[in-house]
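Novice: coordinates only, sequence not included:
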């Protein structure tokens with residue numbers, strides 16, 4: 001009985017940790033990126049269309065390494081501003097993970 005309880009507790013803890021990780025990634029993305037890139041990353045917002053942002057789920061974006069995406073988020077890429085100093089390293093990493101989840 002104790003081992004079933006412990007196993008259940010471990011499974012619930014892992015599930016909670018994973019859900020929190022992806023929830024944070026989505027929250028950081030929504031707070032800083034969705035205005036231009038859209039909630040689904042397609043860039044079909046008014047601002048995104050004006051600035052001709054790329055679809056974040058596209059092969060062109062997805063083929064970039066995590067390091068490349070991190071650099072773009074930190075330093076910016078015209079017309080996108082950089083977020084170094086505005087987002088923590090952990091937040092930037094979570095945005096990269098969220099962008100990866102948009103892969104088609």
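Specialist: Received the coordinates, thanks. Please read these numbers as outputs of a predicted model, since none were measured by experiment.
Novice: what about residue 39, neighbour count?
Specialist: 13 (other Cβ atoms under 10 Å). For every residue, glycine as well, the C-beta is placed using N, CA and C.
Novice: Quick check: which element contains the closest residue to it other than its chain neighbours?
Specialist: Distances taken as Cβ to Cβ, 6 or more residues apart in numbering place residue 30 nearest to residue 39, at 6.9 Å, with adjacent residues excluded. Using DSSP states H and E, the element containing residue 30 is helix 2-32.
Novice: Could you pull up the mean pLDDT of that helix?
Specialist: Computed over helix 2-32, the mean pLDDT rounds to 60.
Novice: swap in stretch 38-55?
Specialist: pLDDT averaged over stretch 38-55 gives 95.
Novice: got the contact list for that stretch?
Specialist: Contacts with stretch 38-55, where a contact means Cβ atoms under 8 Å, 6 or more residues apart in numbering, come from 30, 33-37, 56-57, 60-61, 79-80, 99, 102.
Novice: Can you tell me which of the residues you listed end up in helices?
Specialist: If you go by DSSP state H, these have 30, 34, 35, 36, 37, 60, 61, 99 in helices.
Novice: I'd say the fifth one and residue 56 touch.
Specialist: Spelled out, that is residue 37. Yes: using Cβ atoms under 8 Å, residue 37 and residue 56 qualify as a contacting pair, with a distance of 5.8 Å.
Novice: What number of residues are in the vicinity of the residue nearest to residue 39?
Specialist: The burial count for residue 30: 12, using other Cβ under 10 Å.
Novice: Just the buried residues of the contacts of stretch 38-55.
Specialist: Using 16 or more other Cβ atoms under 10 Å as the burial test, the contacts of stretch 38-55 include 33, 36, 37, 56, 57, 61, 99, 102 as buried.
Novice: The nearest residue to residue 58 once chain neighbours are set aside: how many residues sit nearby?
Specialist: Among residues not flanking residue 58 along the chain, residue 104 sits closest, at 7.1 Å (Cβ to Cβ, 6+ apart). As a burial measure, residue 104 scores 9 neighbours (other Cβ under 10 Å).
Novice: can you pull the contacts of residue 104?
Specialist: Counted by Cβ under 8 Å, 6+ apart, residue 104 has contacts 57, 58, 59, 62.
Novice: Nothing else from me, thank you.
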